[in-house]
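Enquirer: Next comes the sequence, and after it the predicted model I'd like to discuss.
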Amino acid sequence: QVQLVESGGGLVQAGESLRLSCVFYGRDFSLYVMGWFRQAPGKERELVAVITSGGSTYEADSVKGRFAPSRDNLSNLVYLRMDSLKPEDTAIYYCAARRISSSEYEYWGQGTQVTVQG
């Protein structure tokens, strides 16, 4: 069984930075691909960033150059560094995990709110 717990959200001004953290409770963290998603009010959930066990990353075009995922396989932690935040980044951010062999994210955190005031 896997549990994910996010933290680090908050209220910031446009242009400021935040770092989200996600703790992976379970076994074999290094066998999971970790994703960050977000959902804004009235909008569908969208994929923001992905990091593989080997450290390869993907960022959505809307955040490329501003957001960066990272992970610490020894501590079962995954991070999302968010710089130059914009009001349109306001959303609930979720951490998710999927096995390397799977195309579906099986485990989700409870989410952390990020609000950017412009």
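Expert: It's in. Numbers count the residues shown, from 1 in each chain.
Enquirer: Where do the helices of this protein begin and end?
Expert: Applying DSSP state H to the chain gives no helices.
Enquirer: Quick check, central residue of it?
Expert: For the chain, W36 is the residue whose C-alpha lies nearest the centre (Cα atoms, centre = their mean; 2.7 Å).
Enquirer: Could you tell me which residues make contact with the nearest residue to W108 once chain neighbours are set aside?
Expert: Nearest in space to W108, with sequence neighbours left out and distances taken as Cβ to Cβ, 6 or more residues apart in numbering, is A96 at 5.0 Å. Heads up, the C-betas are built off the backbone N, CA and C, glycines and all. By Cβ atoms under 8 Å, 6 or more residues apart in numbering, the contact set of A96 is L4, M34, G35, W36, F37, Y105, Y107, W108, G109.
Enquirer: With V5 instead?
Expert: Taking Cβ under 8 Å, 6+ apart, one finds C22, V23, Y25, G109, Q110 in contact with V5.
Enquirer: what's the answer for L85, then?
Expert: V12, A14, G15, E16, S17, L18, R66, V114, V116.
Enquirer: same thing but at 10 Å, please
Expert: 12-18, 63, 66-67, 114-118 (Cβ atoms under 10 Å, 6 or more residues apart in numbering).
Enquirer: Quick check: PyMOL command selecting the buried ones in the residues you listed.
Expert: Here the buried members of the contacts of L85 are turned into a PyMOL selection, burial being counted by 16 or more other Cβ atoms under 10 Å:
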select buried, resi 12+18+63+67+114+116
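Enquirer: Next step: the contacts of L85 restricted to strands.
Expert: V12, Q13, L18, F67, V114, T115, V116, Q117 (DSSP state E).
Enquirer: quick check, nearest of the residues you listed to S101?
Expert: Ranked by distance to S101 (Cβ to Cβ), the ones in strands among the contacts of L85 are led by F67 at 26.5 Å.
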